[in-house]
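Undergrad: Got a predicted structure here, sequence first:
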Amino acid sequence: MDDNRRMWADLGIDLEAHDGLLEVLPPLFQDVYLSQKGRPSRMAYFDNVFAEIHGLRVRELVNHRKAGGVVVGTFCTYVPEELIIAAGGIAVGLCGGAEIAPEEVGRYLPQNICPLIRSSLGFKLAKVCPYYESCDLLVGETTCDGKKKFFEILGELQPVHVMELPQRKGPRDVDMWRGEVGDLLTRLEELTGRKVERQALAGAVKVVNTKRKALLRLAELRKSDPPVISGLDALLVNQIAFYDDPRRLAVKVNELCDELEKRVDSGKSAGVSARPRVLVSGCPMAIPNWKLYGIIETSGAVVAMDELCTGIRYFRNLVDEEPDDLDGMLDAIATRYLKTDCAVFTPNEERVRNVLGLAKDYDVDAVIYHTLQFCDPYSVEGFKVERALEEAGLPMLYLETDYGTGDVGQLKTRVEALFEMVVA
Ligand code: BJ8
């Protein structure tokens, strides 16, 4: 048995089912990613992180735990990574992006639940995710109804702490959320048996801000026309940012940006079309959900920006580094996270403004609005986004999809029709 298999077996992974999963991923990655032309050479790091998705990074988690650290799994961009890092933990994003074990999932969930939730449960039930099995604690949140109820089920299988997220952003909601941030810190301290000190939290704030700044730098470079990086490659970087070591990731994203800046100076473009430029807006796309980006970029367009949690929503806002006492830092963290403009909030005009702002800043020709099937918050909010874009004179294509491949032909036809219209 090789080292990885022994590690997976020790984590309680179902090796046979896991073999099946690992057989599917490399050809898919080859097809979607490695077949792209004109990729930046610095994408090699991210390709390798993906190739080692259940290898090197999982070993780092295992070694971290052996050294007395903890691993904490998350499912949402509202969960403050700073607290986990300050407690000496590693945060890993666990949202699933592929359909797994549908029969077993069907014993717990009805068919009409969003694929992200079904997938996240499927990876746990099928015992094919070494990240799940490395976690000492999972942190859920009361965002959409499906997730809320999913965390109840998950709590029967693994320790779960749920953060109560308000649905509005008034003064009472701000206070409530600040209390939730404090409660998570307490839960983490109980888990590790250690108090989080001021210096540790200040350091963690810097680490996560540094990661965000690197991702923001990459986002800024995507304004260039012709594009210096494909939307697919940028998506991969954003997806990996949820589970890679944050310090190393920031270094690697900055190295990628150095290369992209040289491309801007020399006029060298990525091997994707310069126009139409598209903003993708809506539900997140967890690994290995690359379906829509693949369709867009093989239909003669480029994804110039992503108004998604696997995009700018994850790193747009920084935590204020001014406060130097623990309470002040926790206030700053709570404030930063509550700025996030997920569709679960009401009212949520700031998201509409943000979509318009991105469409303008990235000089896009069209917006593709992506909702996962049965996602009420994003599907209903699509109406307001579309109306605002219409007033701004920008076309929006609303697409609802899942993790299957059965609708690829139909999606491609609709996407191509949009591009024909915008270039006409
Ligand atoms: S902050 S987008 S990561 S909740 S797609 S599970 S909303 S039914 S993932 Fe999300 Fe946090 Fe919001 Fe971002 Fe529900 Fe919709 Fe499914 Fe969703």
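TA: Done, it's in.

Undergrad: Which element, helix or strand, includes residue 304?
TA: Residue 304 is part of strand 302-307, with elements assigned from DSSP states H and E.

Undergrad: Packing partners of that strand?
TA: Counting contacts by 3 or more Cβ pairs under 8 Å, 6 or more residues apart in numbering; DSSP states H and E, strand 302-307 packs against helix 231-240, strand 277-282, helix 291-297, helix 312-315, helix 349-361. Bear in mind the C-beta positions are built from the backbone N, C-alpha and C, glycine included.

Undergrad: switch the cut-off to 6 Å
TA: Applying 3 or more Cβ pairs under 6 Å, 6 or more residues apart in numbering; DSSP states H and E, one finds that strand 302-307 contacts strand 277-282, helix 349-361.

Undergrad: could I get stretch 45-58 in CSV with only the CA atoms?
TA: In CSV, the C-alpha atoms belonging to stretch 45-58 read as follows (Å, rounded to 0.1, in the frame of the first residue of the first chain):
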residue,chain,number,x,y,z
TYR,A,45,1.6,25.5,-9.2
PHE,A,46,-2.2,25.5,-9.2
ASP,A,47,-2.3,22.6,-11.7
ASN,A,48,-0.1,20.7,-9.3
VAL,A,49,-2.2,21.6,-6.2
PHE,A,50,-5.2,20.2,-8.1
ALA,A,51,-3.3,17.1,-9.2
GLU,A,52,-2.4,16.6,-5.5
ILE,A,53,-5.9,17.4,-4.3
HIS,A,54,-6.1,14.4,-2.0
GLY,A,55,-2.3,14.0,-1.6
LEU,A,56,0.1,16.7,-0.5
ARG,A,57,-2.4,19.1,1.1
VAL,A,58,-4.1,16.3,3.0
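
Undergrad: Now it: buried residues?
TA: 45-47, 49-50, 53-55, 57-58 (16 or more other Cβ atoms under 10 Å).

Undergrad: and the residue nearest to the spatial centre of the chain, helix, strand or coil?
TA: Centroid-nearest residue in the chain: residue 310, 3.3 Å away (criterion: Cα atoms, centre = their mean). Per DSSP: H, G, I helix; E, B strand; the rest coil, the secondary structure class of residue 310 is coil.

Undergrad: Surely it and residue 282 touch.
TA: No. With contact defined as Cβ atoms under 6 Å, residue 310 does not reach residue 282; the gap is 10.6 Å.

Undergrad: Could you check how far the strand holding residue 304 is from the centre of its chain?
TA: 14 Å (Cα atoms, centre = their mean, to the nearest Å).

Undergrad: touching the ligand at all, it?
TA: No. Strand 302-307 stays clear of the ligand (Cβ under 6 Å from any ligand atom), getting no nearer than 10.7 Å.

Undergrad: Dihedrals phi and psi, residue 75?
TA: Main-chain torsions, residue 75, degrees, to the nearest 10: phi -130, psi 10.

Undergrad: hey, where'd the helices end up in the stretch 1-150 of the chain?
TA: Remark: helices assigned in the stretch 1-150 of the chain by DSSP state H, counting those that start in this stretch are 3-10, 15-29, 43-51, 56-66, 81-86, 102-106, 115-125, 130-134, 145-154.

Undergrad: Distance to the ligand and mean pLDDT added to the ones you listed, as TSV?
TA: Output for those, formatted as TSV (distance: least, Cβ to the nearest ligand atom, whole Å; pLDDT from 0 to 100):
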stretch	distance to the ligand	mean pLDDT
helix 3-10	27	97
helix 15-29	21	96
helix 43-51	20	98
helix 56-66	21	98
helix 81-86	13	98
helix 102-106	14	97
helix 115-125	4	98
helix 130-134	16	98
helix 145-154	5	98
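
Undergrad: so how far is residue 196 from residue 52?
TA: 31 Å (Cβ to Cβ, to the nearest Å).

Undergrad: could the helices and strands packed on strand 302-307 go into JSON lines alongside distance to residue 134?
TA: Formatted as JSON lines, the helices and strands packed on strand 302-307 follow (distance: least, Cβ to Cβ, whole Å):
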{"stretch": "strand 277-282", "distance to residue 134": "30"}
{"stretch": "helix 349-361", "distance to residue 134": "34"}
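
Undergrad: looking at the ones you listed, which is buried most?
TA: By mean neighbour count, with neighbours taken as mean count of other Cβ atoms under 10 Å, strand 277-282 ranks first of these at a mean of 28.

Undergrad: Many thanks, we can stop here.
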